[in-house]
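S.K.: Dropping a prediction and its sequence here:
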Amino acid sequence: MNALHVDNLHVEADGKEIIHGLSLTVCPGEIHGIMGPNGSGKSTLVNALLGHPSFVITKGSVVVDGVDVTRMSPEKRARHGLFLSLQHVPEIPGVTVANFLRAALAAQTGKEIRPIEFYKALEEKMKIFSIDPSFASRYLNVGFSGGEKKKIEILQMSLLLPRYAILDEIDSGLDVDALKVVSRGINQFHTKKNAVLLITHYNRILEYVTPDKIHVMSHGIIAETGDKTLAEHIEEKGYTAYV
């Protein structure tokens with residue numbers, strides 16, 4: 001079965017179990033939202049899915065399109081189709097946006113891309129996401145605003161074209177205009193051949209990106225699953241019932 005399949009996942013950080021037997025299946029063509037209060041385990045989950053060494057999977061499995069990636073390195077997981085947009089993206093002085101993206105694309109595909117072809121594709125994508133072409137020659141995320149950093153994450157996703165894009169609070173710190181640009185990028189990326197897993201605190205981005213399912217996390221498990229109306233209910237009532 002082609003899907004991102006998380007089965008009975010247990011995750012520890014600093015010797016303490018944070019995720020307690022979580023199961024989740026995301027199929028190509030779907031958009032899933034994961035919501036939950038601070039401390040519910042959302043960021044622990046996404047970091048564990050991509051193989052961050054500080055988050056140790058002690059039990060359960062992560063399977064991508066039938067391939068068990070539970071013990072694979074982050075780069076191998078990426079080659080199998082996983083992509084993570086970080087909540088707090090790092091600044092990398094000395095590495096330009098263009099060089100970083102070209103290296104990431106080469107690492108994922110295993111092929112060197114001719115500079116002329118790459119820069120043409122990059123320029124087209126930057127125009128779509130309202131990113132000034134001068135950003136291509138700037139150092140990655142150095143001096144960028146929160147909205148600019150998130151646009152670069154969406155730009156990276158649109159170039160790499162992963163099967164399963166996991167976006168950790170891609171909407172945090174965005175003004176209305178930046179939120180619309182990021183949402184448009186997600187919608188343009190999403191097809192029947194890929195899937196999006198949106199981690200968010202709020203219903204705001206879900207007004208522009210329509211989810212097929214909403215999952216509420218609490219205390220390291222999925223406490224409830226529903227459709228978009230569940231997100232609207234949380235927006236109105238808060239997370240009191242899950243804390």
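M.R.: Noted; the coordinates are in hand. The model shown is predicted, which means the values in this text are computed figures rather than measured ones.
S.K.: so where is the chain shaky, pLDDT-wise?
M.R.: Along the chain, the parts satisfying pLDDT under 70 run over 243.
S.K.: Show which residue of it lies farthest from the average position.
M.R.: residue 116 (28.6 Å; CA atoms, centre = their mean).
S.K.: Show me what secondary structure element comes after the helix or strand harbouring that one.
M.R.: Here residue 116, judged by DSSP states H and E, is contained in helix 115-128. For helix 115-128, the succeeding helix or strand toward the C-terminus, using DSSP H and E, is strand 139-140.
S.K.: Next, the buried residues of whatever helix or strand residue 224 lives in.
M.R.: Assigned by DSSP H and E, residue 224 belongs to strand 221-226. Neighbour-count burial for strand 221-226 flags 221, 222 (criterion: 16 or more other CB atoms under 10 Å). For glycine as for every other residue, the C-beta is placed from the backbone atoms N, C-alpha and C.
S.K.: For residue 7, which three-state class applies?
M.R.: The three-state label given to residue 7 by DSSP: H, G, I helix; E, B strand; the rest coil is strand.
S.K.: any idea how far residue 165 is from it?
M.R.: 21 Å (CB to CB, to the nearest Å).
S.K.: Those two: which has the busier surroundings?
M.R.: residue 165 (26 against 16; other CB atoms under 10 Å).
S.K.: how far is the host helix or strand of the more buried one from where the chain is centred?
M.R.: Using DSSP H and E, residue 165 falls within strand 164-168. Computed by CA atoms, centre = their mean, to the nearest Å, the chain-centroid distance of strand 164-168 equals 2 Å.
S.K.: now the angle between helix 115-128 and the helix or strand following that strand, please.
M.R.: Note on strand 164-168: by DSSP H and E, the next helix or strand toward the C-terminus is helix 176-189. Interaxial angle of helix 176-189 relative to helix 115-128 (axes from the mean of the first three to the mean of the last three CA atoms, to 10 degrees): 130 degrees.
S.K.: For helix 176-189, buried residues please.
M.R.: By neighbour count on 16+ other CB under 10 Å, the buried set for helix 176-189 is 178, 179, 181, 182, 183, 184, 185, 186, 189.
S.K.: what about residue 197, distance to residue 130?
M.R.: Residue 197 is 25 Å from residue 130, by CB to CB.
S.K.: Which of the two has more residues huddled nearby?
M.R.: Between residue 197 and residue 130, counted using other CB under 10 Å, the more crowded position is residue 197 (25 against 13).
S.K.: hey, what's that one bridged with?
M.R.: Counting by DSSP bridges, residue 197 forms beta bridges with residue 32, residue 166.
S.K.: contacting residues around it?
M.R.: 4, 26, 32, 33, 34, 46, 164, 165, 166, 167 (CB atoms under 8 Å, 6 or more residues apart in numbering).
S.K.: go again using 7 Å as the cut-off
M.R.: When contacts are counted by CB atoms under 7 Å, 6 or more residues apart in numbering, residue 197 touches 26, 32, 34, 164, 166, 167.
S.K.: again, but for residue 32
M.R.: Under the criterion of CB under 7 Å, 6+ apart, the neighbours of residue 32 are 26, 197, 211, 212, 213, 215.
S.K.: let's go with 10 Å and repeat that
M.R.: 4, 24-26, 166, 195-199, 211-215, 225 (CB atoms under 10 Å, 6 or more residues apart in numbering).
S.K.: Residue 213 too?
M.R.: 24-26, 30-34, 225-228, 230 are the contacts of residue 213 under CB under 10 Å, 6+ apart.
S.K.: which of these lies closest to residue 152?
M.R.: For the contacts of residue 213, the residue nearest residue 152 by CB to CB is residue 31; the value is 21.4 Å.
S.K.: Quick check: the farthest pair among the contacts of residue 197?
M.R.: The widest separation within these (CB to CB) is 13.2 Å, between 34 and 164.
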